[in-house]
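Visitor: return a 3D structure for these sequence lines:
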Amino acid sequence: MKMARGQSEWRTSEHTAYVQWMDTKCVHVMTTAFDPAKICEVKRKEKDGTSVNVSCPLPVVQYTRHTDGVDRFDQKRGMYSTEY
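Guide: Prediction:
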């Protein structure tokens with residue numbers, strides 16, 4: 001099923017939730033800490049430069065908010081070879 005921007009689906013098993021959310025691409029997140037049913041509004045830019053509010057599940061919002069250090073680590077790691 002093709003989802004429109006801002007749509008999401010989620011499934012839970014015991015204390016773990018899997019969330020699928022459509023932004024410009026499909027985003028997948030797993031969480032044990034945040035309620036996947038809680039929806040927030042986030043600002044996103046359109047191709048023409050305007051901003052729009054888009055519905056977004058709380059686990060995706062929290063991941064995005066706290067992922068900066070992971071992204072920097074991946075960026076720096078990419079500059080060095082790990083092969084011997």
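
Visitor: which SS class is the residue nearest the centre of the chain?
Guide: Centroid check for the chain by C-alpha atoms, centre = their mean gives Val60 as the closest residue, at 3.8 Å. Look at Val60: counting by DSSP: H, G, I helix; E, B strand; the rest coil, its state is helix.

Visitor: quick one: low-confidence parts of the protein?
Guide: The chain contains residues with pLDDT under 70 at 1, 68-74, 81-84.

Visitor: can you show me the helices along it?
Guide: 58-66, 68-77 (DSSP state H).

Visitor: what residues of the shortest one count as buried?
Guide: Looking back up the chat, that one is helix 58-66. Residues Leu58, Pro59, Val60, Val61, Tyr63 are the ones in helix 58-66 that count as buried (16 or more other C-beta atoms under 10 Å). Every C-beta, even on glycine, is put in place using the N, C-alpha and C of the backbone.

Visitor: ok, now how distant is the first one from Lys76?
Guide: Pointing back at Leu58 there. 29 Å (C-beta to C-beta, to the nearest Å).

Visitor: go on, the fourth one?
Guide: For Val61, the distance to Lys76 (C-beta to C-beta) stands at 25 Å.

Visitor: please enumerate the strands of this protein.
Guide: Ranges of strands in the chain, per DSSP state E, are 8-13, 16-22, 26-31, 39-45, 51-57.

Visitor: which of those is buried the deepest?
Guide: strand 16-22 (a mean of 18; mean count of other C-beta atoms under 10 Å).

Visitor: partner strands of that one and their direction?
Guide: With DSSP bridges as the test, strand 16-22 is paired with strand 8-13 (antiparallel), strand 26-31 (antiparallel).
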